[in-house]
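Novice: No sequence on hand, only this structure:
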Ligand code: TMP
């Protein structure tokens, strides 16, 4: 059986990822493909418990990074790889690029720590395509203000989100073939048209 495709969605909190995730999921399912929609941190029963800790409990930056990777190791082994092997597609609301952006960019953890965790737990496993929804920290903040109560990350200040955004863009520059930057300040219609093109190419 043809192995499935793995797509991750990234962006600072407030970039509008979730809206676009629903649209993409609809498009993929319309093609009759089995699709697993999942998220990080989370995606497994254990991962969802770790998510609750990560989003609510105060902790050291290294603890945060380690818990993100504990949840990810479980997610990849128990959900993502089995789905891809049986030919399903996987759409994940965030994956490893988020650790690079939030823990290395936002929390200023040295990237060599993340690299060693990545080579240990992922051994080079990456999404086939990553869509990075990019908006300024100001636009993202205005959108977050209209959303639900802020979690531990969403309570961070603008300079944290500026660092997260810069780290995402830096990552996208270093892997242009995998990471597609989508200007998330555009209208929903024009973003959908761009997503249609990207998905056709995939
Ligand atoms: P969400 O609000 O997009 O569901 O993501 C939950 C939060 O977790 C979000 O603020 C970003 C953060 N996060 C990290 O800091 N590192 C990671 O590796 C992941 C996957 C998420």
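Specialist: Yes, it's here. Just so you know, these numbers come straight off a predicted model, no measurement behind them. Residues are numbered from 1 along each chain as shown.
Novice: Tell me, please, the helix or strand in this structure that averages the lowest pLDDT.
Specialist: Ranked by mean pLDDT, DSSP states H and E, the weakest helix or strand in the chain is helix 137-145, scoring a mean of 89.
Novice: ok, that one near the ligand or not?
Specialist: No. Judged by CB under 6 Å from any ligand atom, helix 137-145 stays clear of the ligand, getting no closer than 9.7 Å. Yep, even glycine has a C-beta here, placed from its N, CA and C like the rest.
Novice: Then stretch 110-120?
Specialist: No. On the criterion CB under 6 Å from any ligand atom, stretch 110-120 is out of touch with the ligand, staying 9.3 Å away.
Novice: how about the nearest residue to residue 29, chain neighbours excluded?
Specialist: By the measure of CB to CB, 6 or more residues apart in numbering, the closest residue to residue 29 outside its immediate chain neighbours is residue 35, 5.4 Å from it.
Novice: Settle this for me: that neighbour is touching residue 26, isn't it.
Specialist: No. Using CB atoms under 8 Å, residue 35 is not in contact with residue 26; the gap is 9.5 Å.
Novice: So for those two, which residue has more residues nearby?
Specialist: Set residue 35 next to residue 26 and count neighbours by other CB atoms under 10 Å: residue 35 wins out with 20 against 10.
Novice: what's across from that one in the sheet?
Specialist: Taking DSSP bridges as the rule, residue 35 bridges to residue 89.
Novice: ok, now how distant is it from residue 187?
Specialist: 26 Å (CB to CB, to the nearest Å).
Novice: same question, residue 104
Specialist: Note on residue 104: its distance to residue 187, by CB to CB, is 32 Å.
Novice: cool, and residue 156?
Specialist: Relative to residue 187, residue 156 is positioned 28 Å away (CB to CB).
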